[in-house]
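Asker: no sequence on this one, just coordinates:
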């Protein structure tokens, strides 16, 4: 069970780094490897959860692409024409926010589940430690003259 504990901690740490803010540049090799590892772990645990994550991640990536395109178009036109692009830009921002929130909701739910599992594992380990302490005390009593 301690390997489960380690795996859950690694996943939790990976989550913090796997989902960065839109404006943060990514180091492709390291992030891609962490992402692949995370998805593989999800697939081992539950393929449907992994598919849900991939769908949400891809939707967010598409929303980022759409937002970046809308921002570029907005910047490319002169100030007198920008009013015509504001609606498109705002809709792209909303879609990015919706996709990001859906991904965050997924990750929050997963992290809450991990916390519950870790708390249960900690409780189990604490019970084992208490049992060994009682056993130790009984054995030490046997050594007394």
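Answerer: Noted; the coordinates are in hand. All values derive from a computational prediction rather than experimental measurement.
Asker: Name the next helix or strand following the helix or strand bottoming out on mean pLDDT in the chain along the chain.
Answerer: Of all helical and strand segments in the chain, the minimum by mean pLDDT, DSSP states H and E falls on helix 2-18, at a mean of 43. Note on helix 2-18: by DSSP states H and E, the next helix or strand toward the C-terminus is helix 28-45.
Asker: That following helix packs against which elements?
Answerer: helix 2-18, helix 47-76 (3 or more C-beta pairs under 8 Å, 6 or more residues apart in numbering; DSSP states H and E). All C-beta atoms are positioned from the backbone trio N, CA, C, and that covers glycine.
Asker: Output the longest helix belonging to the protein.
Answerer: Across the chain, the longest stretch assigned as helix under DSSP state H is helix 83-143.
Asker: Check which helices and strands that helix sits against.
Answerer: Using 3+ C-beta pairs under 8 Å, 6+ apart: helix 83-143 touches helix 2-18, helix 47-76.
Asker: Between helix 47-76 and that helix, find me the angle.
Answerer: Helix 83-143 runs at 140 degrees relative to helix 47-76, counting by axes from the mean of the first three to the mean of the last three C-alpha atoms, to 10 degrees.
Asker: any idea how far stretch 74-82 is from the chain center?
Answerer: On the basis of C-alpha atoms, centre = their mean, to the nearest Å, stretch 74-82 sits 37 Å off its chain's mean C-alpha point.
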